[in-house]
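sequence and predicted structure below; questions after.
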Amino acid sequence: MQFSERRNTSRWIIIFASFLIISLILWNTYTFFQIFKNEERLKMNLWAKAQKTLINAGENTDVELPLQIFSDNTSIPIILTENDSIINTVNIDEEIVNNPQRATTFLLNLKGENKPIVIEYVPGKFQNLYYGNSALLNKLKYYPVALLLIIVLFAALVYNFYRSTKIATQNKLWAGMAKETAHQIGTPLSSLIGWVEILKADNVEESTTLEIERDIARLQTITDRFSKIGSEPILEKKDIVQETFDSYNYLLSRFSKQIEFSFEGPKSPIYIMLNPVLHSWTIENLVKNAIDAMKGRGKLTLKIENDKDSVKINVEDSGSGIHKNQHSAIFEPGFTTKKRGWGLGLSLTKRIVEEYHKGKIKVLHSEMGKGTTIQISFKKSDLV
C-alpha cells in the first residue's frame, strides 16, 4: 500500500471515530435529559398529591410531609390554576407574577414545555398544575446544541488550517517550479548568446542575428519573470501609463491583424511603486486571455482611468463572455476553458497584482456572447 493511500485510510478512520464519539456523546446527553425529565415529572406528581392532601387536610391530618415536599422544590417553576385562573405560583419571579400579561405569557410557555398534571382535590373539582424545566434540565437541553456549535467551529478551524497549509504548499510548489524553469532556460540561453557572437564573428547576415537576438531577449524576459515568482520583487517608482503602453505596444505586432487593438490613457504620467517585469507579464496574460476568448478575432481595448481614489486598468474584449458564477473561479489555479494549458495565467496575474503590488483584480463586467472587461486597480494611497 502506498503512503498516500495509507494516509487517506487513516484520515477516514479518524473521521469515522470522531463521528462515532460525537454520536455517543449526543446519545448519552439525550438519555440523561430524558432521565432527569422523568424524575422531575415524578417530583411534580408528588407535589400534586401534597397539594391535594393540604386542601383536604383536617385538624388531625399530619401535613409535615406535604410541607416538606413543597419546601424541597427550589428549582422547578410551577403555576397552579383553577377554572383557567392562576391561584398560586412557585419559583417564579415576582415581577412576572405581579404583571398579568407577563404571567399569562409565562403560563403559555409552561404549557408548551410539559403536559399538565390534573389534581381532582374533591369529586368534580379540579386544579391544573403546570410546570417548567429546572435550570439544570434547561442547561442539559441546550448542551447538545452548544456541543454541535463547538464541533462546527473546531471543524471550520481545522478546515481553514488544512486549506491554508495546502495553499502554502501549492505556492511553494509553483514557486519552486517557476525558479526551476528559469534555471533550466538559463543554461541553453547562455549557450545561444555565445552562438550568436560566433555567428557575428563569421559575418552572418545582420538581419538573421538580429532576429535571434530579439528571441533571446524575449527568453531573458521570461526567465526574469519566472525567477521573481516566490520571492519579494523589487518595486520601483514607475509611470504606470508608460509601462502599460510599452507592454501593449510590444504585443501589438505579435498577434493577428484580425484583432482590432486600441489604447486609451491619460496624457500625463501616473507614478506608482511597480515592478516593470511583473507588470508587463500581467498585461500580457490579460491580453492573451482576451484574445483566446475572442478566438483570435475581435476588438480589444486597453484603457487606463485615473479616478479620485485609484488608478484602474481595464482590458475589454468582444469575446464569448464569462458566466457570472465563474467570475471568481477564473482566478483559481487550474481553472481553464481551453483544451490545452494548465490554467495558471490568471492565477499568476492575481498573485502579481494583489500580493506583490497590493492592488485588486476582478471581472468588472461580462455578458455572454458580447465580451468581458477585467479590471486592475491600485489605491491612490499606494501611489508615490
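In hand now; what should we look at?

and for residue 220, nearest residue in space, chain neighbours not counted?
Leaving aside its sequence neighbours, residue 220 sits nearest to residue 189 (Cβ to Cβ, 6 or more residues apart in numbering; 6.6 Å). (Each C-beta comes from the backbone N, C-alpha and C, glycine too.)

repeat for residue 74
Spatial nearest neighbour of residue 74, excluding adjacent residues (Cβ to Cβ, 6+ apart): residue 91 at 6.7 Å.

distance-wise, check the one you found relative to residue 252.
85 Å (Cβ to Cβ, to the nearest Å).

repeat for residue 50
From residue 50 to residue 252 the distance is 98 Å (Cβ to Cβ).

more neighbours, the two?
Per other Cβ atoms under 10 Å, whichever of residue 50 and residue 252 has more neighbours is residue 50, with 19 against 12.

which element, helix or strand, includes the more buried one?
Residue 50 is located in helix 3-55, with elements delineated by DSSP states H and E.

in terms of secondary structure, what does that helix contact?
helix 64-72, strand 78-82, strand 117-122, strand 125-131, helix 135-201 (3 or more Cβ pairs under 8 Å, 6 or more residues apart in numbering; DSSP states H and E).

next secondary structure element downstream of the longest one?
The one in question is helix 135-201. Counting by DSSP H and E, what follows helix 135-201 is helix 206-228.

wait, which of the helices and strands packed on helix 3-55 is closest to residue 351?
helix 135-201 (8.3 Å; Cβ to Cβ).

what mean pLDDT does the closest one have?
Mean pLDDT, computed over helix 135-201, is 75.

contacting residues for the residue nearest to residue 220?
Contact analysis of residue 189 by Cβ atoms under 8 Å, 6 or more residues apart in numbering lists 216, 219, 220, 223.

make TSV out of those residues and add distance to residue 319, neighbour count and pLDDT.
Formatted as TSV, the contacts of residue 189 follow (distance: Cβ to Cβ, whole Å; neighbours: other Cβ atoms under 10 Å; pLDDT from 0 to 100):
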residue	distance to residue 319	neighbour count	pLDDT
216	33	17	80
219	29	16	78
220	31	14	76
223	30	17	75
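
ranges for the strands of the stretch 251-384 of the chain?
With DSSP state E, counting those that start in this stretch as the criterion, the stretch 251-384 of the chain has strands at 259-264, 271-274, 298-306, 310-317, 360-367, 371-379.

tabulate the ones you listed (CSV), appending distance to residue 95, mean pLDDT and mean neighbour count.
Listed next are the strands of the stretch 251-384 of the chain as CSV, based on distance: least, Cβ to Cβ, whole Å; pLDDT from 0 to 100; neighbours: other Cβ atoms under 10 Å:
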stretch, distance to residue 95, mean pLDDT, mean neighbour count
strand 259-264, 71, 91, 14
strand 271-274, 64, 88, 18
strand 298-306, 63, 93, 17
strand 310-317, 57, 92, 20
strand 360-367, 55, 91, 17
strand 371-379, 55, 91, 21
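
in a markdown table, list those along with distance to residue 30.
Formatted as a markdown table, the strands of the stretch 251-384 of the chain follow (distance: least, Cβ to Cβ, whole Å):
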| stretch | distance to residue 30 |
| --- | --- |
| strand 259-264 | 68 |
| strand 271-274 | 61 |
| strand 298-306 | 62 |
| strand 310-317 | 56 |
| strand 360-367 | 48 |
| strand 371-379 | 54 |
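
nearest to residue 137, of the ones you listed?
strand 360-367 (52.7 Å).

tilt between that closest one and strand 310-317?
Following axes from the mean of the first three to the mean of the last three Cα atoms, to 10 degrees, one obtains 40 degrees for the angle between strand 360-367 and strand 310-317.

parallel or antiparallel, list what pairs with strand 360-367.
strand 371-379 (antiparallel) (DSSP bridges).

ok and the partner strand relative to strand 298-306, angle-wise?
Going by the same axes, to 10 degrees, strand 371-379 makes 20 degrees with strand 298-306.

can you tell me what sits against strand 371-379?
240, 272, 282, 286, 289-290, 293, 298, 309-319, 321-322, 353, 357-366.

gap between it and the chain center?
23 Å (Cα atoms, centre = their mean, to the nearest Å).

CA atoms of it as CSV?
Provided in CSV are the C-alpha atoms of strand 371-379 (Å, rounded to 0.1, in the frame of the first residue of the first chain):
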residue,chain,number,x,y,z
GLY,A,371,-17.4,40.3,-24.2
THR,A,372,-15.7,40.8,-20.9
THR,A,373,-13.9,43.6,-19.0
ILE,A,374,-11.3,42.6,-16.5
GLN,A,375,-10.1,45.5,-14.2
ILE,A,376,-6.9,46.0,-12.2
SER,A,377,-7.0,48.8,-9.6
PHE,A,378,-4.4,50.4,-7.4
LYS,A,379,-5.4,52.7,-4.5
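
quick thing: my sequence starts at 22, can you match it?
Shifting the count to begin at 22 puts that one at strand 392-400.

could I get the phi/psi values of the residue nearest to residue 95?
Main-chain dihedrals, residue 112, degrees, to the nearest 10: phi 60, psi 40.

my guess is residue 387 meets residue 343, correct?
Yes - shown here, residue 387 and residue 343 form a contact pair, counting by Cβ atoms under 8 Å, at 4.4 Å.

helices or strands up against the helix or strand encompassing residue 265?
Using DSSP H and E, the element containing residue 265 is helix 261-273. Contact analysis of helix 261-273 by 3+ Cβ pairs under 8 Å, 6+ apart lists strand 280-285, strand 292-295, helix 297-314, strand 319-327, strand 331-338 as its packing neighbours.

which one of those lies closest to residue 162?
strand 331-338 (53.2 Å).

packing partners of the closest one?
helix 261-273, helix 297-314, strand 319-327, strand 392-400.

identify each buried residue in the first one, please.
Read it as helix 261-273. 261, 262, 264, 265, 266, 268, 269, 272 (16 or more other Cβ atoms under 10 Å).
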